[in-house]
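>>> Quick one, structure for this:
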Amino acid sequence: VFILPTAKIILAQGVVIALRMHLQRFRPSSLLKTTSRPLLHRSRSVVPPRASPPRRPPLLRAMASSAVPPPPLPTWPTPVVESRGDYREEEHLGRTVGGILYAPVREDRLPRLPVPPSLADSVRLLLPSALPLAADDDEAAALEREAADFLASAAGAELQGRLEARAAGAPDSSWLQKWWNQEGYLAVRDPVVVNVSYFIHLSDDRTLAPAVLRSGVHAGAARGAAMLRASAEFRRKVVTGELADRLGRPPKDRALCPAAYKYMFNACRVPRRKMDTYRLHDPSLHRHAVVARKGKFFTIKISDGEGHPLSLRAIEAQLEGVVRAAAGTDCPPLGLLTSSDRDTWADARGVLEGIPGVADALRVLESGAVLLCMDDEEPVSRDQCGALFWHGGLRSGRNRWFDKSVQLFVTDNGKAGMMGEHSMMDGMPVVGLADHITRSPYREASKAGGSAPPPVPPVHIFGACAAALRTDPRVAAAVAAATDDFHRLVTAHELRCQSFQGYGASAIKKMGFSPDAYVQLAMQLATTRLFGKQAGTYEASQTRPFLHGRTETTRTVTPHSAAFVASMGGAPYSDDAAAEDKRQALRDAVDAHVLYLRRAAAGLGCDRHLLGLAMLVAKGEDPPPLFSNPLLLRSKSWRVSTSNLSHPNFDNWGYGEVVPDGVGLAYSIGADSLVFNVTALAKHGYVDRLVHLLEEALLEMQDLHKTEAPRSKL
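Numbers count the residues shown, from 1 in each chain. Take a look at the predicted model:
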């Protein structure tokens, strides 16, 4: 299951309880104090109702000037909606769109996220994952004592009652989602790049090279055109509700909550002081995509009046026009402003909007279906592509708008990737888009047809105000400061990819293990050897089978995983334990992990439960001592933030570390290979060591089974 380890939420009267999902991702974020929470605003339209529509900006009027009949796409009640993080406030859009995508909500077929019914059960789930991390017996005893006191206290029962009342008072939603979206994402002041967003490195399009060699077309324009055409196809399925999104295979498949899809296309995060918003534009009014090249932003058309994609050649010709136009255009690299911390970016945006024409230009950029970043680079390796798609690097970081909900990347040699902004949408819906893109290669797209209107030169979004932007000293100062901050952020981090070709899921199943749980134990062994001890480890579990569900934490540290890593020793083959004893320890640890994963997927983990209880400590009340227990907090400081995304057409994917002394550890499991993406602050020297330790651990675990007869539990 792919969900990004992200938001670190700080709870209970200034006490830090680190939560980072990903891909929530999540890195040190702002304090969430129950004594001073931000006001929770309702979603609202930012333009009048359609009965008296506003005059479109000149760029949008120019793009819509061709005479086309009104599109049959569903039309929203208002052209623009500004979300403040509560899924309920945009639920009417799903009813407007309809279709099979939103049928589970319309027909009330999704269960509600449960409140774990027993405090004792959650504490029993928590303690085994925290106690192995104790520095000594006294620290372990203190946690057990405070946990027992909490269960026996009136405060515990009172907080549980408050949480159950909150859930009962929100029959049309999840008791968690508003807290999670606002305090876990929109109120976080860290830059979204590195700290929140995640990237996917798509496999090469093997049909592209012959076509490029034959026609002489620009490789980046060719691959980018195929990606945009596929995105337009997928977009139409989403915005008409025709997309079928299910978990599992018939007849046991389950409906998934579709709420996140509203934030995929024609959407953008908007920086604001204290808490950001998310701006959603009616897709029926916008047929354009935004294209970035050399730090400049252009608009091109990608669909016709009915929302169907244009022909591949029509899109390709426009992208070749962007390549030519970008070479002769001069404009400050405004995209770098989106890499700043959120308050700084909000202030800079205020300056921009005071310059004539810029507010209209921003509206055009933000209302584009997606953003395609055409980078004038030619990376080759997974490491090079990973760094480029993660943050853009010192050269192409200017060629991004990190607030856009979906960014596609293509390089001059045809490498491709994408990025998801994580605030309102976890990874699996974006994976659906990525899957469709990889299943629509250049050769197939060239045969698919589509309308081919007369070519129109690409429009430089900030062209009309470029002179004012170049000469405004406030803009120059903001861009210079953002550039310096971005360079510091990028150079402070390292990324390495380990493409392990020794074995994969097929061999692991023959050993009798769940591939995901087995890999989790390999990562436990490798990171324990890296740090010299076990550390709090997070695996994200999807809860989208519940209405407005997002994720729950699966904790990998257990007494069984502690026993396994102890049996293997601090260095390869350094322990004298018998191979059968090590195999049995591995089996026990794998079984424990699978059980925890199932419980988390059912919405019955302990981390979201404890979060909900801590959030309901009222102003002036003392939080239970358990909430500030040092060992509990250490167990929730995710030094190892993991998530699994496995797809045959993805070469790599990843995100940043959650805590400053930790690692981001994304992984993919193939039939005969495994891929790991490791990120961390460079000063620790973690990434080179960890990619080696992962290979070492996997080979050593394989050796345990070379003399054992193959068996399968699956």
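
>>> use CA for all of it now, contacts and neighbours both
OK.

>>> Once you drop chain neighbours, what's closest to Val590?
Ala517 (5.3 Å; CA to CA, 6 or more residues apart in numbering).

>>> May I have the helix or strand hosting that neighbour exported as CSV, CA atoms only?
If you go by DSSP states H and E, Ala517 is part of helix 515-531. C-alpha atoms of helix 515-531 as CSV (Å, rounded to 0.1, in the frame of the first residue of the first chain):
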residue,chain,number,x,y,z
PRO,A,515,6.9,-9.9,0.7
ASP,A,516,6.0,-6.6,2.3
ALA,A,517,6.5,-7.9,5.8
TYR,A,518,9.8,-9.6,4.9
VAL,A,519,11.2,-6.4,3.4
GLN,A,520,10.1,-4.5,6.5
LEU,A,521,12.2,-6.8,8.6
ALA,A,522,15.2,-6.4,6.2
MET,A,523,14.9,-2.7,6.7
GLN,A,524,14.7,-3.2,10.5
LEU,A,525,17.9,-5.2,10.4
ALA,A,526,19.7,-2.6,8.1
THR,A,527,18.6,0.5,10.1
THR,A,528,19.4,-1.1,13.4
ARG,A,529,22.9,-1.7,12.2
LEU,A,530,23.0,1.9,10.8
PHE,A,531,21.9,3.5,14.1
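
>>> who touches that helix?
504-505, 508-509, 533-535, 556-557, 561, 565, 568, 570-571, 586, 589-591, 593-594, 640, 644, 669, 686, 689-690, 693-694, 696-698, 701 (CA atoms under 8 Å, 6 or more residues apart in numbering).

>>> In strands, which of those residues appear?
Residues of the contacts of helix 515-531 located in strands (DSSP state E): 640, 644, 669.

>>> List the contacts of the nearest residue to Leu280 once chain neighbours are set aside.
The shortest distance from Leu280 to any non-neighbouring residue, by CA to CA, 6+ apart, is to Ala267 (4.6 Å). Neighbouring residues of Ala267 by CA under 8 Å, 6+ apart: 278-281, 366-369, 404-405.

>>> ranking these by neighbours, who comes first?
Ala369 (30 neighbours; other CA atoms under 10 Å).

>>> so which of the ones in strands among the contacts of helix 515-531 comes closest to Ile302?
Asn644 (32.4 Å; CA to CA).

>>> Tell me the predicted confidence for that closest one.
Per-residue pLDDT puts Asn644 at 95.

>>> from what I can see it touches Gly670, true?
No. At 11.1 Å, Asn644 and Gly670 do not qualify as touching, with contact defined as CA atoms under 8 Å.

>>> Neighbour count: the two, which is higher?
Counted by other CA under 10 Å, Asn644 and Gly670 do not tie: Asn644 has more neighbours, with 25 against 18.

>>> beta partners for the more buried one?
Tyr667 (DSSP bridges).

>>> ok, it to Arg544 distance?
Asn644 sits 16 Å away from Arg544, going by CA to CA, to the nearest Å.

>>> quick one, what contacts the residue nearest to Gly99 when sequence neighbours are not counted?
Leaving aside its sequence neighbours, Gly99 sits nearest to Gly241 (CA to CA, 6+ apart; 4.2 Å). By CA under 8 Å, 6+ apart, the contact set of Gly241 is 97-102.

>>> Among these, name the buried ones.
97-102 (16 or more other CA atoms under 10 Å).
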